[in-house]
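The following block contains a protein sequence and its predicted model.
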Amino acid sequence: MHLALLMLQEQPDPQQVAKIMATVLPLMGIFIIIALIVVILPFWFICKKAGFSPWLALLNLIPLGNLILLYVLAFAEWKVAPIAPPPFNYPYPPPPPQG
């Protein structure tokens, strides 16, 4: 509400603007840190499970870095082997009778 009233004034009070900025800037910083953690943490675990260096997750910090990392993960050959073979080895069905 205060911000809307501030914008309606022709000449905003510099002290009031300073108070608003002193409140908004720390909150923006905290929001940015939380958003980065939400993005980087899953990429860290994906890279580690795929056999790549988990430090590649920090590519998300540069502009379009997340797009580069996405293409690296999508088209690179993963260095991990399957954990276990399929649980059942079904026999092939018998061939049809020939006659």
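In hand now; what should we look at? Residues are numbered from 1 along each chain as shown.

Pick out the residue nearest the middle of this structure.
Central residue of the chain (C-alpha atoms, centre = their mean): residue 39, 2.8 Å from the mean position.

That one: what's it in contact with?
60, 66 (C-beta atoms under 8 Å, 6 or more residues apart in numbering). For the C-beta atoms, the positions are set from N, CA and C on the backbone; glycine is no exception.

Would you mind measuring from it to residue 27?
According to C-beta to C-beta, to the nearest Å, residue 39 and residue 27 sit 19 Å apart.

next one: residue 50
From residue 50 to residue 27 the distance is 35 Å (C-beta to C-beta).

Likewise for residue 36?
From residue 36 to residue 27 the distance is 15 Å (C-beta to C-beta).

Please say which of the two ends up with more neighbours.
residue 36 (13 against 9; other C-beta atoms under 10 Å).

doesn't residue 62 make contact with that one?
No. In this structure residue 36 lies outside contact range of residue 62 using C-beta atoms under 8 Å: 12.0 Å.

Okay, now the unreliable bits of this protein?
Counting by pLDDT under 70, the chain contains low-confidence residues at 1-3, 5-9, 81-87, 89, 99.
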